[in-house]
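Trainee: 3D, please:
(2 chains)
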Amino acid sequence: MNPPPGGTSAAAPFSRLLEMLRPDLLRFAFWLARDRSVAEDVVQETLIRAWKSRDELKDPAAARPWLFTIIRREHARLYERKRLPTVDVEEVEALGDPALASDGDAGLTDLRRAIMQLPDEYREPLVMQVLGGFTTAEISAELKLTQPAVLTRLFRARNRLRVIYGLTPAEDVE
Amino acid sequence: MSGALEHRDVRLAVGADPGHLSPEIEAHLAACAECRRFRDETLALDGRLRAALELPLPEFRRRTPPVRRYALAASVLLALVVAGGTWLFQPQSALAGEVVAHVEEEADSWSSRHQMPPDSIAGVLDGADVDFDARLPIVYAAPCKFRGKRIAHLVVQTSHGPLTVMILPHVTVTKREKFSEDGLNGILLPAGKGSVAVLARGDKVDAADADTMVSAVRWAK
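Mentor: Prediction:
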């Protein structure tokens, strides 16, 4: 079911697809940027770019990774264009963001804060995998890393979070 | 398979991608209680991880989005609204939308009337690492891919009509969520380490039926 070419009636299926996926786009952008305003800007730019390029999406089932890829690129572009300072792990303002709080589940709040403090190179593949549904091969292609490097980063990301979850971390890998 | 290096290899594989393990890793897990415990812990962590990443959107959206000056942005947003999307202003569940889209793609599933052979059902459930109470009349069972993982998509006959049941071991929901879209009514329910989506056509899903479906699910260890 490919999105039909332009026009209002043709736009409806694509619009619906974006509608469906928008919450996760916002989440993904937020976890990448660790800043709510930046995330909202990134998603808005992503929707514009996706709308203009909608004919490139041949298979709606591939919309999710396609849009996540655009999010990643728009996020990088925004930093280049606006010369935004990179956010230091110790100074992540979003650590106080109410979206991280979970009513009655302090463990979930702690886990969110721990994810937020993961270094970019660990957090990004982890979010792509768990939230985006990317395979390790797809992450490898997207991040231009070897697959063993992706596996190591994912392992280390989870290993750090094991401690927050009250588990013993595994022995690190080379 | 034994030895410190091999244990480490197994834990690297499990820690990197606990949902997709090779037969060699599975074989090691079958024989190694310590690594199996590590795998179980990692799967539990992943359930929490998914819940953590799925931030509560209503909270996230409470803040007013920045005003944009680009005419293109305005035209795109207008086009989306014209096309039927008032979504920018309405909190909703992405998961519910994806479930509805999936069920709509398998519209034929609703028309099944005859109980499936036990072997066929078992094949679908085994592939999705779940079990389901065989006493319920399952008239449709298909292995489907949902959010990158293989899941069991069932249709169960009830006294209120057919119900679609999607068993989602890799998707965590924190509370019951009702949804209604395109003539489909449904409920997302937390269930063990994952969740279950129960949908009906036209009528709302009977709460007792939904509970029956959830209690029929058994997760693989």
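Trainee: Can you show me the strands along chain B?
Mentor: Counting by DSSP state E, residue ranges of the strands within chain B are B:130-132, B:138-146, B:149-158, B:161-168, B:177-181, B:184-191, B:194-201, B:217-219.
Trainee: domain assignment for the chain?
Mentor: Going with chain A. A:1-88, A:102-167 (automatic domain parsing).
Trainee: actually it's chain B I care about, not the one you picked
Mentor: According to automatic domain parsing, the ranges for chain B are B:4-53, B:92-219.
Trainee: circling back: a markdown table please, covering the strands of chain B and showing mean pLDDT, distance to residue A:156 and mean neighbour count.
Mentor: Placement of C-beta: from N, CA and C, glycine included. Below are these laid out as a markdown table (pLDDT from 0 to 100; distance: least, Cβ to Cβ, whole Å; neighbours: other Cβ atoms under 10 Å in any protein chain shown):
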| stretch | mean pLDDT | distance to residue A:156 | mean neighbour count |
| --- | --- | --- | --- |
| strand B:130-132 | 89 | 30 | 20 |
| strand B:138-146 | 86 | 28 | 19 |
| strand B:149-158 | 88 | 23 | 21 |
| strand B:161-168 | 92 | 27 | 23 |
| strand B:177-181 | 87 | 34 | 16 |
| strand B:184-191 | 90 | 30 | 21 |
| strand B:194-201 | 92 | 25 | 24 |
| strand B:217-219 | 86 | 28 | 17 |
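Trainee: any chance of those strands in a markdown table, plus distance to residue B:31?
Mentor: Output for these, formatted as a markdown table (distance: least, Cβ to Cβ, whole Å):
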| stretch | distance to residue B:31 |
| --- | --- |
| strand B:130-132 | 23 |
| strand B:138-146 | 27 |
| strand B:149-158 | 24 |
| strand B:161-168 | 28 |
| strand B:177-181 | 41 |
| strand B:184-191 | 30 |
| strand B:194-201 | 26 |
| strand B:217-219 | 22 |
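Trainee: Now distance to chain A too, for those, in a markdown table please.
Mentor: Output for the strands of chain B, formatted as a markdown table (distance: least, Cβ to the nearest Cβ, whole Å):
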| stretch | distance to chain A |
| --- | --- |
| strand B:130-132 | 19 |
| strand B:138-146 | 8 |
| strand B:149-158 | 8 |
| strand B:161-168 | 12 |
| strand B:177-181 | 9 |
| strand B:184-191 | 12 |
| strand B:194-201 | 13 |
| strand B:217-219 | 19 |
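Trainee: re the thing from before, can you tell me which of the domains of chain A has the worst average pLDDT?
Mentor: When the domains of chain A are ranked by mean pLDDT, domain A:1-88 comes last with a mean of 79.
Trainee: hmm, that domain in reach of chain B?
Mentor: Yes - using Cβ under 8 Å from any Cβ of the partner chain, we find that domain A:1-88 touches chain B at A:8, A:11-12, A:14-16, A:18-24, A:26-27, A:30-31, A:36-37, A:40-41, A:44, A:47-48, A:51.
Trainee: Kindly report the same for stretch A:101-113.
Mentor: Yes - using Cβ under 8 Å from any Cβ, stretch A:101-113 reaches chain B at A:101-102, A:105, A:107-108, A:111-112.
Trainee: Residue B:185: which of the domains of chain A is closest?
Mentor: domain A:1-88 (17.1 Å; Cβ to Cβ).
Trainee: before we move on, the earlier item: who wins for neighbours among the residues of stretch A:101-113 next to chain B?
Mentor: For the residues of stretch A:101-113 next to chain B, the largest neighbour count, defined by other Cβ atoms under 10 Å in any protein chain shown, is 24 neighbours, found at residue A:112.
Trainee: any idea which element that one lies in?
Mentor: Using DSSP states H and E, residue A:112 sits within helix A:106-116.
Trainee: and the lengthiest helix in chain A, which residues are buried?
Mentor: Among the segments of chain A that qualify as a helix by DSSP state H, the longest is helix A:8-33. Within helix A:8-33, the residues scored as buried using 16 or more other Cβ atoms under 10 Å in any protein chain shown are A:11-33.
Trainee: Now for residue B:171: which residues touch it?
Mentor: B:50, B:95, B:146-147, B:194-195 (Cβ atoms under 8 Å, 6 or more residues apart in numbering or on different chains).
Trainee: Taking the residues you listed together, which two end up most distant?
Mentor: It's B:50 and B:146 that sit farthest apart of the contacts of residue B:171, by Cβ to Cβ, at 13.2 Å.
Trainee: Surely residue A:170 and residue A:159 touch.
Mentor: Yes - between residue A:170 and residue A:159 there is a contact under Cβ atoms under 8 Å: 5.7 Å.
Trainee: Can you tell me what sits against the longest helix seen in chain B?
Mentor: The residue-count maximum for a helix in chain B (DSSP H) belongs to helix B:33-53. Contacts to helix B:33-53, defined as Cβ under 8 Å, 6+ apart, come from residues A:27, A:31, A:107-108, A:111-112, A:115, A:126-127, A:130-131, A:158, A:161-162, A:165, A:167, A:170, B:7, B:10-11, B:14-15, B:18-19, B:21, B:28-30, B:170-172, B:174, B:193-194, B:221.
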